[in-house]
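K.L.:
coords please:
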Amino acid sequence: MANDLIQALQFLKGKEWVDLTHTFGPNSPHFFAFDDAEFTTLFTHDDGFFAQKFSFAGQYGTHIDAPIHFVRNKRYLHEIELKELVLPLVVIDKSKEAAENNDYSLSVEDILAFEREHGRIEEGTFVALRTDWSKRWPDVEAFNNKDAEGNNHAPGWSLEALKFLFAERNIKAVGHETFDTDASVDYRKNGALLGEYYVLEQDTYQVELLTNLDKLPAKGAVIVNIVAKPENASGFPVRSFAILP
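P.N.:
Alright, predicted model coming up:
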């Protein structure tokens, strides 16, 4: 007879699961400071087995950032506990606003408006910002969205919104569809990724380059982040998915 754990698994597998992860390769969009990924075939089936070598920055494709990525003396990726990687999921939809203004930055008022409609954001949740930026993948030019002067234009979180979520709502982690936590215009204005630093300073993680957030409810789903365990890593590609209620 199945125990309660097996029954719980059967129950979960009866739900809809949504992949939140881009497939990435050498030609995928990536942060401008990184080289293109390299996939090399080491052996083929003619040799007896198929094996490959992969070379890419830790922050490549849909990926998780560990606190050490920006903040000295914080945790490496392998130090994040398993239970931290499975969290209730909240999705704040600002896709319409981001389409109308590519420099859109989520505000505290946006969060309060969300709560008026969907209820208070619970403690210990993973909050994802939906902008539908992921629909530009894998078009590098569309994803970078540069103007005539070569400046990127992409939406993000305001520092004030992040402080509100972590300090006032005690959330656990955040995620988004873009390369960076901060909107591109805020990065240029501040000369630094202040939002990203703030998130990681909380000794928690974030997931970048998420996709399929448009397939999720505002509240009620669970996010699962499966990641490799390289030693002393600042980040790594992740397989994120949601289980819907």
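K.L.:
Okay, strands next: where are they in the protein?
P.N.:
17-19, 38-43, 51-55, 63-65, 86-93, 105-106, 126-130, 156-157, 173-176, 206-208, 221-227, 235-243 (DSSP state E).
K.L.:
can you list contacts of the fifth one?
P.N.:
Contact with strand 86-93 is made by 106, 110-111, 114, 121-122, 124-130, 171-173, 213, 216-225, 242, as judged by C-beta atoms under 8 Å, 6 or more residues apart in numbering. Where you see a C-beta, it was placed from the backbone N, CA and C, and this is true even at glycine.
K.L.:
separation between Glu177 and Ala148?
P.N.:
In this view, Glu177 and Ala148 are 24 Å apart by C-beta to C-beta, to the nearest Å.
K.L.:
wait, isn't Ala51 in contact with Thr40?
P.N.:
No. Contact criterion C-beta atoms under 8 Å: Ala51 and Thr40 do not qualify, at 9.8 Å.
K.L.:
so where's this protein shaky on pLDDT?
P.N.:
Across the chain, the ranges flagged by pLDDT under 70 are 1.
K.L.:
mind listing the helices for it?
P.N.:
Listed in chain order, the helices of the chain (DSSP state H) span 4-13, 95-100, 108-118, 140-144, 159-163, 184-190, 194-201.
K.L.:
Same list, the ones you listed, but as TSV with mean neighbour count and distance to Ser28 please.
P.N.:
Formatted as TSV, the helices of the chain follow (neighbours: other C-beta atoms under 10 Å; distance: least, C-beta to C-beta, whole Å):
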stretch	mean neighbour count	distance to Ser28
helix 4-13	10	30
helix 95-100	15	21
helix 108-118	14	29
helix 140-144	15	8
helix 159-163	20	27
helix 184-190	17	19
helix 194-201	21	20
